[in-house]
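Participant: When you get a sec, could you give me coordinates for this:
(2 chains)
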Amino acid sequence: MIERKERKPYWRHTKWQVLASIIPFVALVVILPIYSEQLNANRFLGFPLGYFLAAHGFFVVALITVASYVNRQNAIDHWHGAHEDM
Amino acid sequence: MAIGARARMVNPRLGTYFSIFAALYAALFLLVLIFEQLSLDDQLLRLAIFAGPIFIYGAMGLSVTTNETLCFFAAGRRVPAAYTGLLLAVSSLGATMIVAGTGLFFFAGFDAIVLLMGTLTGFVIMAIALAPFYRKFGAFTVPSYLGRRFESRVLRVATAAVAAVPMLLVLSAELRMGSSVAQRLVGGSQGSLICLLALTIAISTAAGGKRSFTWAGVAQSIALFLALLTVATTVSVIVTSLPIPQLANGPMVRELVRNEVNEGLPLVRVWPLAFELPPEGFSALTKPYTQPFGAIGPLAFIIGTFAIATGISAAPWLLPRVAASPGVYEARKSLGWATVFSGLALLTVSSVAVFMRDFTLDAVRAERLGSLPQWLSQLAAGHFVNFDQAAAQLGFEGLKFDRDGILFSLPVAVGLPSAFLYLLLAGALAAALVTASATTVSLATVLGEDAVQGMSWEPPTASNRVWVVRGFIGLTALSGAALAIAAPTDPLRLVLWALSITGASLFPVIVLSIWWKRLTAGGAIAGVLSGFIAAALAILTSELGMISTPSPIAGILGLPVSLGLAVTLSLMRPEANRHGLSIVRDMRIPGGEIIYDREMQRLQLRKHART
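Facilitator: Okay, the predicted model is just below:
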């Protein structure tokens, strides 16, 4: 069980982790479509690059974002003693 | 290593059971394939692949009957992350995003990526900002969560009323899409097929509520992925010699880039806020595949992505799903799986669209050089494509494809045996059943728990609670069917409306309820109601042509209204709610007891003390 004095540092740490995960991802949602037309001039595996990044690339980025968040947040939980009792 | 208490709770034979189902499903497909080659009656084969799986789903739902509250409302809180993720992914997509989504990719090309980006962003936001906290709270419905979090019965009932609207829209969309898929498979009138599907949903979910839905839903999701991946991979191997359809269509896309414009497809530019979806029924191609913003403008693309994302992350038929996972860590992991499965499904349907675009390009070229290919007449016979047989020159504008038939026309165009088409139809039907069941169970729970019992915190006895919701499952399935029959509307539009209404009304309040301690009950009520009214008005005025914003994304205009009102009202009239604050503090910590269970125990103790 988490100690009382650990609650504030735990939540501060969690907030930073959430911001670090969500802000680059949301920025990508806005930036990727805007530049896709220019990127389409290049090719990757036969795909126009803009299309490839917006479809396949975005999927991989989403996966990495969730996986890294789950891994880091779990570490934060254990560090502050906020993890679930197993 | 010691096995944790939560790990012990999970049924260790789940993998075996679902492998048996997958083997049965594959065997049914192989049997149909063999008997088709032996020239058995086609109608009989269609009926076998339609009724066989439906019988299994019904039997699965009935065999896990339960009267226990925790099992009925949260599947015993022991659904592993991968299964929760699979259900979340398929419930969010449904047959609409799979079948009409393939059509959208086929017609709009690059612009259809808005579906993929919206869905994935929705799951990422849900994973990071909502799901772990909702799981720690552990409520069975979103209105129950908001009601208990702010200790406001009015908020609970208001949220129940607002959440019911998008759920009913999605249910009606899925029933309609499911019935049109079933019509392609076995024929019959759409009305009777809608009733049959509603009956299937009621039978496969009423006995065990969320537990039944989990068992039947996972089987249905497996059926969808088996069908989609089998057909797409087979076509990919035939056309590109590589068994990865999602990546192997690159050379085809390159071909499209080089030749579509030369063969007469013009480069189109639309205004930044345009959101032109291909209508239901037959239409011709209008823009090259990879050209961005020829159907959906750049601004509408970004707004649309956020409309879908906010809708999915706060959806009252998806979010309570995570309450059925064994713990907070598992809930986070389940969203990772949801991202994998939804991305895989959408990349596969995009590859199907590319294959079909390539076939269409070949047909246009073949026509210019001589005669139309044979597969085009087969598609016309199957009502997948429409063209004037007597026309001298068809070109792209002469070939009119059915938006909801693109997915199913691929195996016909490649010349695969009909069994592949039937498998794909059965898979799409399963997807419709998953989403329709998810909305039916969630809506019935909201009605039974938060609308009927909304003004009292103390729940009735366990068996009463279960039986009330069982009754509402029947009623909800019936209302969904009635709506789908009485007001037939394009399912894709209905789903997009539902998602933008959810995003505008529930998303800001749910996010603030976790991340902003100063949000008050009054602010939350104002946020939910104003967001809903603004979204509904925006959609209505857009449909009537009074505002120029297209209706699929107009609803999300309610989000800033909801957010602004919730924050302003909370700042203007702050409330001191010590119990609410302690709930938020506990909700933010993964360890410790489940808040909803603790609150229920507290209520029971108080009741005992009174008596």
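Participant: how about the nearest residue to residue B:237 once chain neighbours are set aside, phi and psi?
Facilitator: Nearest residue to residue B:237 in three dimensions, chain neighbours excluded: residue B:243, at 5.3 Å (Cβ to Cβ, 6 or more residues apart in numbering or on different chains). C-betas here are computed from N, CA, C, even on glycine. With angles defined as degrees, to the nearest 10, residue B:243 sits at phi -90, psi 30.
Participant: Could you do residue B:261 as well?
Facilitator: Main-chain torsions, residue B:261, degrees, to the nearest 10: phi -70, psi -40.
Participant: residue contacts, it?
Facilitator: Contacts here follow Cβ atoms under 8 Å, 6 or more residues apart in numbering or on different chains; on that basis residue B:261 touches B:267, B:288.
Participant: Just the pLDDT for residue B:449.
Facilitator: With respect to pLDDT, residue B:449 scores 89.
Participant: just to revisit the earlier point, gap between the residue nearest to residue B:237 and chain A?
Facilitator: Noted for residue B:243: a distance of 15 Å to chain A, by Cβ to the nearest Cβ, to the nearest Å.
Participant: right, and that residue touches residue B:233 too?
Facilitator: Yes - here residue B:243 reaches residue B:233: they are 5.1 Å apart, a contact under Cβ atoms under 8 Å.
Participant: neighbour count winner among the two?
Facilitator: Neighbours per residue, other Cβ atoms under 10 Å in any protein chain shown: of residue B:243 and residue B:233, the larger number sits with residue B:233, 18 against 12.
Participant: tell me which residues of the helix or strand encompassing the more buried one are tucked away?
Facilitator: Following DSSP states H and E, one finds residue B:233 within helix B:209-240. Within helix B:209-240, the residues that count as buried by 16 or more other Cβ atoms under 10 Å in any protein chain shown are B:209-236, B:239-240.
Participant: if we can go back for a sec, just list the residues touching the residue nearest to residue B:237, thanks.
Facilitator: B:233, B:236, B:237.
Participant: what about the nearest residue to residue B:221 once chain neighbours are set aside, distance to chain A?
Facilitator: Spatial nearest neighbour of residue B:221, excluding adjacent residues (Cβ to Cβ, 6+ apart): residue B:90 at 4.1 Å. From residue B:90 across to chain A, the span is 17 Å (Cβ to the nearest Cβ).
Participant: Do you know the pLDDT at residue B:90?
Facilitator: Note on residue B:90: pLDDT of 96.
Participant: Next, work out how far apart residue B:490 and residue B:180 are.
Facilitator: Here the criterion is Cβ to Cβ, to the nearest Å. By it, residue B:490 lies 11 Å from residue B:180.
Participant: the bottom helix or strand of chain A by mean pLDDT?
Facilitator: Counting by mean pLDDT, DSSP states H and E, chain A has its least confident helix or strand at strand A:43-44, which shows a mean of 86.
Participant: That one pairs with which strands?
Facilitator: When pairing is defined by DSSP bridges, strand A:43-44 lines up against strand A:47-48 (antiparallel).
Participant: which residues make contact with the partner strand from outside it?
Facilitator: Residues contacting strand A:47-48 (Cβ under 8 Å, 6+ apart): A:39, A:40, A:41, A:42, A:56, B:250, B:253, B:254, B:257, B:290.
Participant: TSV for these, including neighbour count?
Facilitator: Converted to TSV, the contacts of strand A:47-48 look like this (neighbours: other Cβ atoms under 10 Å in any protein chain shown):
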residue	neighbour count
A:39	18
A:40	21
A:41	9
A:42	12
A:56	20
B:250	22
B:253	25
B:254	16
B:257	19
B:290	23
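Participant: tell me the two of these that are most distant?
Facilitator: Using Cβ to Cβ, the contacts of strand A:47-48 span at most 17.8 Å, a distance reached by A:41 and A:56.
Participant: Buried residues in stretch B:372-391, which are they?
Facilitator: Neighbour counts using 16+ other Cβ under 10 Å place B:372, B:373, B:375, B:376, B:379, B:382, B:384, B:385, B:386, B:387 of stretch B:372-391 among the buried residues.
Participant: Now do the first one against chain A, distance only.
Facilitator: Taken as Cβ to the nearest Cβ, the spacing of residue B:372 relative to chain A amounts to 27 Å.
Participant: and if you look at the third one?
Facilitator: Residue B:375 sits 24 Å away from chain A, going by Cβ to the nearest Cβ.
Participant: which one of the contacts of residue B:243 sits closest to chain A?
Facilitator: Closest approach between the contacts of residue B:243 and chain A, by Cβ to the nearest Cβ: residue B:236, at 13.4 Å.
Participant: Quick check: nearest residue in space to residue B:156, chain neighbours excluded?
Facilitator: Sequence neighbours aside, residue B:147 is the residue nearest to residue B:156 in space, at 2.8 Å (criterion: Cβ to Cβ, 6+ apart).
Participant: now residue B:386
Facilitator: Closest residue to residue B:386 apart from its sequence neighbours, by Cβ to Cβ, 6+ apart: residue B:400 at 4.3 Å.
Participant: I'd guessed the one you found sits against residue B:283; true?
Facilitator: Yes - with contact taken as Cβ under 8 Å, residue B:400 and residue B:283 are classed as touching, separated by 5.9 Å.
Participant: can you pull the contacts of residue A:38?
Facilitator: residue A:50.
Participant: Now do the same for it: its pLDDT.
Facilitator: So, for residue A:38, pLDDT stands at 88.
Participant: And the one helix or strand it maps to, what's buried?
Facilitator: Assessed by DSSP H and E, residue A:38 sits inside helix A:7-39. With burial defined by 16+ other Cβ under 10 Å, the residues of helix A:7-39 counted as buried are A:10, A:13-14, A:17-18, A:21-22, A:25-26, A:28-29, A:32-33, A:36-37, A:39.
Participant: What is the distance between that helix and the centre of its chain?
Facilitator: 6 Å (Cα atoms, centre = their mean, to the nearest Å).
Participant: give me the low-pLDDT residue ranges for the chain?
Facilitator: Defaulting to chain A. For chain A, the stretches flagged by pLDDT under 70 are A:86.
Participant: oops, chain B please
Facilitator: For chain B, applying pLDDT under 70 flags the ranges B:1-8.
Participant: burial measure for the residue of chain A found nearest chain B, as a count.
Facilitator: Nearest to chain B in chain A, going by Cβ to the nearest Cβ, is residue A:46, at a distance of 2.8 Å. Other residues near residue A:46 come to 17 when the count uses other Cβ under 10 Å.
Participant: Name the nearest residue to residue B:285, sequence neighbours excluded.
Facilitator: residue B:396 (4.9 Å).
Participant: what's downstream of the strand or helix carrying that neighbour, the next helix or strand?
Facilitator: Residue B:396 is located in helix B:395-398, with elements delineated by DSSP H and E. Counting by DSSP H and E, the next helix or strand C-terminal to helix B:395-398 is strand B:400-402.
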